[in-house]
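Student: following is a predicted model, sequence given first.
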Amino acid sequence: MPLFAGDLTLRGNLTIDVAVVGGGIQALLVLRKLAERYSTAMFTRSNLGAGQTAHSHAFLHQGQMVARMPELLKKLQAAKEDWDDLVPKELLHETSFYWTPKEIPFDCPWNGLVPSNASVPFRVRRPAALYEFPGHYINAHDVVSHIGAPLLSQIRRIYQIDQLGVSPNNEITFRIAADSDRTAGYRVTAKAVVFAAGAGNHRLISELTKELGYRGQQTIKAFMLIIQGKEGNALNRGQLPHHSGFFPSERIFIAPRRHNGESVWLVGDGQRFWIQHPADWLHMSARDWFRRLRVPLFDLVPELATYGKEFAWGYYEAVKAEGDHDGGFPENSPTIELLGNLPAIAVWPGLFTLAPSAACKVATQTEALIGSQVRTPAPVWPADLHPPVIERETWLDTPLWSWSEFNHLLNGSGALAS
């Protein structure tokens with residue numbers, strides 16, 4: 001993240017109780033909670049719901065992926081109720097969720113063993129048992145719109161943040177750029193700041209704490225495969241059933257979508273690549289990623305290989321930031337970190353599902369930091385600071401190709417199909 005040029009012209013000062021930095025679902029939920037008590041402002045360098053939120057499959061996990069992590073499993077079970085309270089029922093889309101556990105936890109809350117002769121598209125490796133139960137997902141754009149629209153008066157699009165520091169009154173100060181040329185901006189003073197900027201947290205925290213080697217965050221790069229077909233259950237006719245699933249042996253996760261009469265699968269896998277900086281995304285090979293994905297995917301759903309030409313194919317690069325766990329999955333998600341003795345908090349939900357509970361914890365910790373002081377009047381926004389527009393989910397704007405085009409795109413020879 002480059003800093004401003006030294007000749008930035010400051011046009012004024014903005015004073016608030018709490019500044020939230022970020023533009024995704026986590027930042028929005030934090031803002032929503034804090035706005036109940038404090039004068040708040042949220043600053044984002046991108047469209048609302050861009051970045052990690054737009055990349056997400058937004059499936060509401062209920063613990064199947066972490067069945068051997070009992071504490072995290074309990075959090076995910078409770079989180080579904082948070083979403084039930086947070087969004088209208090019509091924004092929670094139901095799907096049949098399939099799961100092949102390597103082992104069943106003693107207090108496993110699920111049932112629904114699928115008979116071995118059931119007509120399902122997944123051919124799991126035996127002796128794994130296949131379970132089925134209701135699952136739910138959210139279209140991230142819809143949820144960002146639902147939560148963000150009432151808060152837009154407190155959200156502003158900026159183009160940079162720099163000079164993070166602490167005032168003699170132990171308040172956080174920083175500069176924001178109001179224009180894309182980064183020539184004019186404002187000084188912001190806040191009693192506390194919450195960093196909910198995903199991958200962007202690392203640079204901001206490093207500047208504030210002056211720990212340029214800050215390791216409180218790990219940033220993960222991955223890819224998401226998009227397969228689009230017709231609605232229905234006959235894969236041999238180019239139809240994709242509205243199913244989801246997690247298959248540990250194959251390291252495959254499938255989240256469904258419906259769009260303009262078509263059925264879509266978002267397919268992720270266990271390939272997680274730890275990177276030093278978000279700019280490193282572009283240096284991982286999509287060809288190598290798909291070579292590793294295609295074997296377990298086609299073992300799991302053989303019809304995708306046999307009838308590949310019946311579907312449209314695409315992929316996109318995704319980034320995910322988590323609390324640092326040396327490259328492993330953060331079992332203690334969500335990660336919420338108080339930054340030393342500063343009135344500053346950093347939050348990483350770890351999983352989309354946990355964002356509401358993380359927001360509640362951040363609100364509690366913010367109150368512990370600044371108490372119930374007299375509420376600062378809401379700022380009068382300058383005319384050159386504008387609310388952001390809302391981003392569409394990444395998969396909606398990702399180009400799709402025929403099977404032959406997709407193979408040629410990835411390695412120029414079609415060998416991936418063989």
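Tutor: Arrived safely.
Student: hmm, residue 313 and residue 226 touching each other?
Tutor: Yes - judged on CB atoms under 8 Å, residue 226 makes contact with residue 313 at a distance of 6.9 Å. C-beta here means a position set from N, CA and C on the backbone, and glycine is covered the same way.
Student: what do those two both touch?
Tutor: residue 400 (CB atoms under 8 Å, 6 or more residues apart in numbering).
Student: which parts of the stretch 151-300 of the chain are strands?
Tutor: 155-157, 161-166, 172-177, 184-195, 217-231, 239-240, 243-247, 252-259, 262-269, 273-275 (DSSP state E, counting those that start in this stretch).
Student: send me the host helix or strand of residue 42 as CSV with only the CA atoms.
Tutor: Using DSSP states H and E, residue 42 falls within strand 40-44. The C-alpha trace of strand 40-44 is given here as CSV (Å, rounded to 0.1, in the frame of the first residue of the first chain):
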residue,chain,number,x,y,z
THR,A,40,-19.1,6.5,13.8
ALA,A,41,-17.7,6.7,10.4
MET,A,42,-16.5,3.9,8.0
PHE,A,43,-13.8,4.5,5.4
THR,A,44,-13.3,2.2,2.5
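Student: next secondary structure after that strand?
Tutor: helix 52-55.
Student: output that following helix as CSV, nothing but the C-alphas.
Tutor: Extracted in CSV, the C-alpha atoms of helix 52-55 (Å, rounded to 0.1, in the frame of the first residue of the first chain):
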residue,chain,number,x,y,z
GLN,A,52,-12.9,-10.7,0.4
THR,A,53,-16.7,-10.3,0.7
ALA,A,54,-17.2,-10.4,-3.1
HIS,A,55,-14.9,-13.4,-3.4
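Student: next, count neighbours for the residue lying closest to residue 241 once chain neighbours are set aside.
Tutor: Leaving aside its sequence neighbours, residue 241 sits nearest to residue 233 (CB to CB, 6 or more residues apart in numbering; 4.6 Å). Residues within reach of residue 233, counting by other CB atoms under 10 Å, total 14.
Student: how about residue 233, what does it touch?
Tutor: 119, 121, 239, 241.
Student: any low-confidence regions in the stretch 251-400 of the chain?
Tutor: By pLDDT under 70, the low-scoring segments of the stretch 251-400 of the chain are 276-284, 325-332, 373.
Student: circling back: of the contacts of residue 233, grab the buried ones for PyMOL.
Tutor: The buried residues among the contacts of residue 233 can be selected in PyMOL (16 or more other CB atoms under 10 Å) with this line:
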select buried, resi 121+239+241
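Student: tell me who's in contact with the closest residue to residue 157 other than its chain neighbours.
Tutor: Closest residue to residue 157 apart from its sequence neighbours, by CB to CB, 6+ apart: residue 388 at 4.0 Å. By CB under 8 Å, 6+ apart, the contact set of residue 388 is 23, 44, 46-48, 155-157.
Student: let's go with 6 Å and repeat that
Tutor: Residue 388 makes contact with 44, 47-48, 157, according to CB atoms under 6 Å, 6 or more residues apart in numbering.
Student: what about it, distance to residue 184?
Tutor: 18 Å (CB to CB, to the nearest Å).
Student: just the angle between whichever strand or helix holds residue 141 and strand 40-44, please?
Tutor: Element membership for residue 141, per DSSP H and E: helix 140-148. Angle between the axes of helix 140-148 and strand 40-44 is 150 degrees (criterion: axes from the mean of the first three to the mean of the last three CA atoms, to 10 degrees).
Student: buried set for helix 140-148?
Tutor: Neighbour-count burial for helix 140-148 [16+ other CB under 10 Å]: 140-144, 147-148.
Student: residue 293: which of the contacts of residue 233 is nearest?
Tutor: Comparing the contacts of residue 233 against residue 293 with CB to CB places residue 121 closest, at 16.9 Å.
Student: quick check on that closest one: phi, psi?
Tutor: Residue 121 has phi and psi values of phi -80, psi -10 when expressed as degrees, to the nearest 10.
Student: equivalent analysis for residue 251, please.
Tutor: The phi/psi pair for residue 251 (degrees, to the nearest 10) is phi 60, psi 40.
Student: ok, it touching residue 267?
Tutor: No - between residue 251 and residue 267 there is no contact under CB atoms under 6 Å: 11.0 Å.
Student: more crowded one of those two?
Tutor: residue 267 (20 against 16).
Student: what bridges to the closest residue to that one other than its chain neighbours?
Tutor: Closest residue to residue 267 apart from its sequence neighbours, by CB to CB, 6+ apart: residue 225 at 4.0 Å. When assigned by DSSP bridges, residue 225 has beta-bridge partners residue 267, residue 315.
Student: for residue 225, give its distance to residue 388.
Tutor: Taken as CB to CB, the span from residue 225 to residue 388 is 29 Å.
Student: one more: residue 396?
Tutor: Per CB to CB, residue 396 is found 18 Å from residue 388.
Student: before we move on, what about residue 249?
Tutor: 42 Å.
Student: ditto for residue 311
Tutor: Residue 311 is 34 Å from residue 388, by CB to CB.
Student: neighbours of residue 161, how many?
Tutor: 25.
Student: is it in a bridge, and if so with what?
Tutor: residue 176.
Student: looks like it contacts residue 172 (just checking).
Tutor: No - the criterion here is CB under 6 Å, and residue 161 misses it with residue 172 at 11.0 Å.
Student: about what we covered before: got TSV for the strands of the stretch 151-300 of the chain, with distance to residue 368 too?
Tutor: Formatted as TSV, those follow (distance: least, CB to CB, whole Å):
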stretch	distance to residue 368
strand 155-157	25
strand 161-166	18
strand 172-177	16
strand 184-195	10
strand 217-231	22
strand 239-240	48
strand 243-247	37
strand 252-259	36
strand 262-269	37
strand 273-275	32
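Student: looking at those strands, which is closest to residue 294?
Tutor: Closest among the strands of the stretch 151-300 of the chain, using CB to CB: strand 217-231, at 9.1 Å.
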